[in-house]
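> Based on what follows, work out the 3D shape:
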Amino acid sequence: MEKFLTLTWFRRLVQLFMFIIMVYGSLFMTTFYSEDKFTNALPALSCAYDKENADYCSLIPFQHQMDHRVSGAFTGDLSVMQAILPTLITLATFVILIVILNKAFCGWVCPLGFFQEMIHSLGDKLGFKRFHTLSTSTLKKVRPIKWFMLAFLVFIFPLLTGIGFLGHEMGDPFCRICPSRILTTLAVGDTSQLYIDNSSTGYMIFSILADLLFGLMIAMALVIKQPFCRICPMLALQAVFKKVGLLKLVKNGSSSCENCGLCAKVCPTDIIEIQEVADKPTDITYADCTLCGLCAEFCPDDDVLQLQYAGYPLFKSSKEYFKKRNKDQRNWEKVTWADVAPK
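As a prediction, this is how the structure comes out:
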């Protein structure tokens, strides 16, 4: 039988490799001390609470800098330059990484994104009824959440904490509820983050929310594609700088596109705008896009959708590829848990 290595399978291999590096990286290339990490501005949810990882995400230093540094400019404890310089360094590192891979950090690197995809595949094989797409009204309600979380949980609340308007538990509110904090620590055998903190009312509420969100994410991932990714503030932060990224999703002119809607149907974050006709080559790397490439894989028309790097096409949709990919997908959907479970 002809072996057909799809873009998705290649991406899965990359995700698995990056999961190992992100979660267990210090076992291979560095120590667990944070100052020895490759970067503390990674555009993906690799958590610093995992002491065996190789990197940790930029949302951690941003919160702490708002709380302990930027707030100093408002209280008079620090000069403006002293207050903002660490944040500018973190931001510069983040932007450099976005230039290199753009939003592919979500679709190819993030350990939490990979985990959700694996849970969704498990739900598929277990026979759960899946919701292939969310309704337009639901999308309109869900999409703003990531921007709210970025603005308030990453920047505003930590800043107000440093100034003295909020309690200490609001100094890093996103980290306190982030599912990656629980996932990556559990992956290295550390159960300390799966707990109820009763040291204060605020900490107790956050710890309960974190446990509930982690459990809810797993339950929802069984039937919905990428449930947490849709509200993740990292996706929003990447979207702010997506125009400078060298990697882009591009849609070519309307003459070849049949407007079949398959691209929108397979999109893991339900970006229905992908199916809109483009009169000329257009960058359609939308805010919710993770550059996974599924839309290009399932486009049945030649060269309509492309993953481009600095203008060079890395992957292009084609009729021939679509035929093989669609056949491969049907064969995969026929596999059930009974076929793969240990006998």
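
> going forward, measure contacts and count neighbours with C-alpha atoms only.
Noted.

> Which pLDDT value goes with the closest residue to Phe174 other than its chain neighbours?
Once its chain neighbours are removed from consideration, Phe174 has its nearest residue in Leu153; the separation is 5.2 Å (CA to CA, 6 or more residues apart in numbering). At Leu153, the pLDDT value in this model is 96.

> One more: the one 10 residues further on?
We note a pLDDT of 94 for Ile163 in this prediction.

> what about it, neighbour count?
Residues contacting Ile163 under the criterion other CA atoms under 10 Å number 19.

> what packs against the host helix or strand of Met22?
If you go by DSSP states H and E, Met22 is part of helix 7-24. Counting contacts by 3 or more CA pairs under 8 Å, 6 or more residues apart in numbering; DSSP states H and E, the secondary-structure elements packed against helix 7-24 are helix 111-125, helix 294-297.

> Could I get the buried residue list for that helix?
With burial defined by 16 or more other CA atoms under 10 Å, the residues of helix 7-24 counted as buried are 7, 11-12, 15-16, 18-24.

> where are the low-confidence patches of this structure?
For the chain, applying pLDDT under 70 flags the ranges 1-4, 29-36, 132, 253-255, 335-343.

> returning to that earlier point: could I get the helices and strands packed on helix 7-24 in JSON lines, plus columns for mean neighbour count?
Formatted as JSON lines, the entries for those read as follows, by neighbours: other CA atoms under 10 Å:
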{"stretch": "helix 111-125", "mean neighbour count": "21"}
{"stretch": "helix 294-297", "mean neighbour count": "25"}
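
> Export those as CSV, with columns for distance to Ser46.
As requested, these are exported to CSV (distance: least, CA to CA, whole Å):
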stretch, distance to Ser46
helix 111-125, 7
helix 294-297, 24
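
> just the strands in the stretch 151-300 of the chain please.
The residue ranges that make up the strands of the stretch 151-300 of the chain, judged by DSSP state E, counting those that start in this stretch, are 247-251, 282-283.

> Buried ones in stretch 171-190, by neighbour count?
With burial defined by 16+ other CA under 10 Å, the residues of stretch 171-190 counted as buried are 171-185.

> should've said stretch 80-98
Going by neighbour count (16+ other CA under 10 Å), the buried part of stretch 80-98 is 83-84, 86-87, 90-91, 93-95, 97-98.

> How many residues are close by Phe165?
When counting by other CA under 10 Å, one arrives at 12 neighbours for Phe165.

> Which segments of the protein make up each domain?
Following automatic domain parsing, one finds the domains of the chain at 7-238, 246-334.

> Relative to the whole chain's centre, how far out is the last one?
Think domain 246-334. 19 Å (CA atoms, centre = their mean, to the nearest Å).

> Ok, stretch 53-66 next?
Here the centre of stretch 53-66 is set off from its chain's centre by 15 Å, with CA atoms, centre = their mean.

> Tabulate the CA atom coordinates of that stretch in PDB.
Provided in PDB are the C-alpha atoms of stretch 53-66 (Å, rounded to 0.1, in the frame of the first residue of the first chain):
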ATOM      1  CA  ASN A  53      11.700  22.400  30.700                       C
ATOM      2  CA  ALA A  54      14.000  24.200  28.300                       C
ATOM      3  CA  ASP A  55      12.100  27.500  27.900                       C
ATOM      4  CA  TYR A  56       9.100  29.300  29.400                       C
ATOM      5  CA  CYS A  57       6.500  31.500  27.800                       C
ATOM      6  CA  SER A  58       6.600  35.300  27.700                       C
ATOM      7  CA  LEU A  59       3.300  35.700  29.600                       C
ATOM      8  CA  ILE A  60       5.200  34.800  32.800                       C
ATOM      9  CA  PRO A  61       7.700  37.700  32.700                       C
ATOM     10  CA  PHE A  62       5.200  40.100  31.300                       C
ATOM     11  CA  GLN A  63       3.000  39.600  34.400                       C
ATOM     12  CA  HIS A  64       5.900  39.800  36.900                       C
ATOM     13  CA  GLN A  65       7.300  42.900  35.100                       C
ATOM     14  CA  MET A  66       3.900  44.700  35.300                       C
END
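
> So which bits of it are buried?
Of the residues in stretch 53-66, those with enough neighbours to count as buried (16+ other CA under 10 Å) are 53-66.

> What are the contacting residues of that stretch?
The contact list for stretch 53-66 (CA atoms under 8 Å, 6 or more residues apart in numbering) reads 21-27, 29-30, 32, 37-48, 86-87, 90, 94, 154-156, 158-159, 162, 171-172, 175, 234.

> go again using 7 Å as the cut-off
Outside of stretch 53-66, the residues within contact range by CA atoms under 7 Å, 6 or more residues apart in numbering are 21-26, 30, 32, 37-48, 87, 154-155, 158-159, 171-172, 175.

> cool, and stretch 192-206?
The set of residues that contact stretch 192-206 without belonging to it, under CA under 7 Å, 6+ apart, is 169, 176-177, 182, 207-208, 211.

> again with stretch 90-102
Residues outside stretch 90-102 that contact it (CA under 7 Å, 6+ apart) are 41-43, 241-242, 244-247.

> Show the buried residues in those.
The neighbour-count criterion (16+ other CA under 10 Å) marks 41-43, 241-242, 245-247 among the contacts of stretch 90-102 as buried.
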